[in-house]
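Chemist: sequence first, predicted model second:
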Amino acid sequence: MTQEAYSHSAGAWRERVWTTLMRERQCSYPLPPHGHHPNFRGARKAAAQLLAHPEVAPLRTLVVGPERVLYPLRQLALRGGVRLYVPHPHKAGWYWRVTEPAAARLGALAAHGELAAFPEGAQAAVLGSVAVDSSGGRLGKGYGWAARGLGLGIPEYTLAHTLMFAGQLPCPPDSRVALIALPGKVLAGAA
């Protein structure tokens with residue numbers, strides 16, 4: 001698809017999604033969702049769907065973003081014995097390596113994690129999103145540790161509310177994801 005085919009800027013589309021989620025009362029703390037990967041209602045169910053997916057269930061080491069919306073996924077994965085690498089919020093390029101369920105909360109990473117310069121053995125990554133489409137196009141919040149994807153050569157996945165999902169994004173995506181977990185199902189994205 002050519003650039004001319006897109007009808008909205010990424011920033012305008014993000015604003016539209018954030019405003020719709022807020023208006024429909026489908027997001028939780030932090031509020032308002034603007035400027036964040038929205039912590040949407042149903043995130044725990046979407047996380048469980050993703051972790052149970054046949055492509056994800058056998059994985060033992062994941063990179064998982066520090067966003068609040070990914071807290072249920074971190075919690076479920078750690079309880080299931082999955083080792084996580086969570087990007088350090090104040091040291092670019094560094095990760096917290098964690099294995100204990102108590103480390104699912106960001107405030108507990110320092111007490112229960114170990115600093116690592118690289119996510120050794122990571123098999124996939126779960127990124128936050130503001131919007132996604134049926135081909136796996138993903139818009140993040142526009143800045144941060146995974147604004148353009150990670151580039152680690154591992155599959156990337158995301159969680160989304162149905163209000164964050166479009167058949168096709170009206171702007172160029174920031175990155176592409178292989179799986180999109182909604183509260184009721186998991187969709188295949190990019191190949």
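Modeler: It's in. Numbering: from 1, shown residues only.

Chemist: is it true that His8 touches Cys171?
Modeler: Yes - here His8 reaches Cys171: they are 5.2 Å apart, a contact under Cβ atoms under 8 Å. No exception for glycine: its C-beta is placed from N, CA and C like everyone else's.

Chemist: these two: which has the busier surroundings?
Modeler: Neighbour count, other Cβ atoms under 10 Å: between His8 and Cys171, Cys171 has more, with 19 against 13.

Chemist: run through this protein and note the low-pLDDT ranges.
Modeler: Segments of the chain classed as low confidence (criterion: pLDDT under 70) are 1-7, 145-149, 190-191.

Chemist: so where do the helices sit in it?
Modeler: Secondary structure of the chain, counting by DSSP state H: helices at 10-23, 43-52, 71-79, 109-112.

Chemist: can you tell which of those helices is closest to Leu179?
Modeler: Among those, the nearest to Leu179 by Cβ to Cβ is helix 43-52 (6.6 Å).

Chemist: so for that closest one, what gets flagged as buried?
Modeler: With burial defined by 16 or more other Cβ atoms under 10 Å, the residues of helix 43-52 counted as buried are 43-44, 46-47, 49-51.

Chemist: run the chain-centre distance for it.
Modeler: Offset of helix 43-52 from its chain centre (Cα atoms, centre = their mean, to the nearest Å): 12 Å.

Chemist: hang on, Ala47 packs against Glu67?
Modeler: No - under the criterion of Cβ under 8 Å, Ala47 lies out of contact with Glu67, with a separation of 11.9 Å.

Chemist: how far away is the closest residue to Lys91 other than its chain neighbours from Gly137?
Modeler: If the residues on either side of it in the chain are set aside, Lys91 comes closest to Leu115, at 7.8 Å by Cβ to Cβ, 6 or more residues apart in numbering. Distance check for Leu115 against Gly137: by Cβ to Cβ, to the nearest Å, it reads 33 Å.

Chemist: of those two, who's got more company?
Modeler: Neighbour comparison, Leu115 and Gly137: the larger count goes to Gly137, with 23 against 12 (by other Cβ under 10 Å).

Chemist: what sits against the more buried one?
Modeler: For Gly137, the contacting residues are 168-169, 173, 176, 189-190, by Cβ atoms under 8 Å, 6 or more residues apart in numbering.

Chemist: ok, now Arg68?
Modeler: So Arg68 contacts 29-30, 36-37, 39 (Cβ under 8 Å, 6+ apart).

Chemist: try Leu152
Modeler: With the criterion set at Cβ under 8 Å, 6+ apart, Leu152 makes contact with 63, 119, 122, 125.

Chemist: what of Trp94?
Modeler: Remark: with contacts taken as Cβ under 8 Å, 6+ apart, Trp94 is in contact with 87-88, 115-117.

Chemist: closest to Gly81 among these?
Modeler: Comparing every one of the contacts of Trp94 with Gly81 (Cβ to Cβ), the shortest separation belongs to Ala116, at 18.5 Å.
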